[in-house]
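Enquirer: take a look and give me a structure for this.
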Amino acid sequence: MEVSLYSAAAAMNATEKWQDMLAQNLATAPMVGGRKHSISFSSVDAGYAGTALGEGGSNFVMPVATTSTSFQQGELKPGGPTDYALQGNGFFTVQLPTGQKAYTRDGEFQWNSQGQLATKQGYLVMADGGPIQKDPVNTSPVTISATGEVSQGVDAKGKLAVVDFNDPQSLAVGSNGYFFANTPGMQPIPAPNTKVNSGFLESANTSPTLEMSGLISAMRMFETNQKVMSMQNDRMTKTIADLGTPPS
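Expert: So this is what the prediction gives:
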């Protein structure tokens, strides 16, 4: 077995995953509340490489890439009257048209035609008693306090459903910055220490400059392993040609 070829191919595969993750982070950078994905590399015992006679071999390892999501706080920036940003751990809870719950850090909300608070995609923002419904008869604006209490003038409308999870890394990543608790037994828990900032939005916790720098490094690493494969292939081709040439 030509171990160097397998090692270079495994390294190229891991680097390709790195490039995909960096490209995803670049797409996430302008997204409100977007979350950065990180990658780590490790080596695993891949087998035993023996000699042609089956003796004197050695174990060899292959590089493996593992991805994770960074839930580090993003920078808060001023927004509009229906914009909200979370400061601390946790997520806003929204309800999809199918009835499924999704979780997001994107607090760029708006009122829909039914007087309900919704996301840009039209998903309903949830309070502890269901969707946040504005009273059309009441002329007072709807406000949300730092602790998530929703009110319209003196009328209480419930408490914003801000939740967290014991293991956020187990959340399934969806499009548009949404997460889903698809793992069996995974239940949302209250996030009492998280502050709701009215009139602010949270920026993505990733830097386009750093991601571009990482993308260049990943491309160079990919090209280096590509050259290793090419050199090993040339060496093997020459060796086979030399062995196949009868002595004169």
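Enquirer: so where's the protein uncertain?
Expert: 1-12, 41-65, 232-233, 242, 244-248 (pLDDT under 70).
Enquirer: and the lengthiest helix in it, what's buried?
Expert: Using DSSP state H, we find that the single longest helix of the chain is helix 208-244. Neighbour counts over helix 208-244 (16 or more other CB atoms under 10 Å) mark Glu211, Gly214, Leu215, Ala218, Met221, Phe222, Asn225, Val228, Met229, Gln232 as buried. For glycine as for every other residue, the C-beta is placed from the backbone atoms N, C-alpha and C.
Enquirer: isn't the fourth one right up against Lys17?
Expert: Read that as Ala218. No: with contact defined as CB atoms under 8 Å, Ala218 does not reach Lys17; the gap is 9.4 Å.
Enquirer: domain parsing of this structure, as residue ranges.
Expert: 3-70+206-244, 76-202 (automatic domain parsing).
Enquirer: the last one spans what distance, first to last residue?
Expert: Looking at domain 76-202, the gap from its leading to its trailing residue is 4 Å under the measure CA to CA, to the nearest Å.
Enquirer: contacts only, for Lys238.
Expert: Lys238 sits next to no residue when contact means CB atoms under 8 Å, 6 or more residues apart in numbering.
Enquirer: how near is it to Arg220?
Expert: 27 Å (CB to CB, to the nearest Å).
Enquirer: repeat for Ala181
Expert: For Ala181, the distance to Arg220 - CB to CB - is 38 Å.
Enquirer: and Pro81, by the same measure?
Expert: 47 Å.
Enquirer: what's the answer for Ala191, then?
Expert: For Ala191, the distance to Arg220 (CB to CB) stands at 41 Å.
Enquirer: likewise for Gln121?
Expert: 38 Å.
Enquirer: now stretch 228-240, how far from the chain's geometric center?
Expert: Distance of stretch 228-240 from the chain centroid (CA atoms, centre = their mean, to the nearest Å) equals 39 Å.
Enquirer: pull the CA atoms of that stretch into PDB?
Expert: Output in PDB follows, covering the C-alpha atoms of stretch 228-240 (Å, rounded to 0.1, in the frame of the first residue of the first chain):
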ATOM      1  CA  VAL A 228       2.500  15.400  -3.100                       C
ATOM      2  CA  MET A 229       0.100  13.000  -4.800                       C
ATOM      3  CA  SER A 230       1.400  14.000  -8.200                       C
ATOM      4  CA  MET A 231       5.000  13.400  -7.100                       C
ATOM      5  CA  GLN A 232       4.200  10.000  -5.600                       C
ATOM      6  CA  ASN A 233       2.300   9.000  -8.700                       C
ATOM      7  CA  ASP A 234       5.300  10.000 -10.900                       C
ATOM      8  CA  ARG A 235       7.600   8.000  -8.600                       C
ATOM      9  CA  MET A 236       5.400   4.900  -8.700                       C
ATOM     10  CA  THR A 237       5.000   5.200 -12.500                       C
ATOM     11  CA  LYS A 238       8.800   5.400 -12.900                       C
ATOM     12  CA  THR A 239       9.400   2.500 -10.500                       C
ATOM     13  CA  ILE A 240       6.900   0.300 -12.400                       C
END
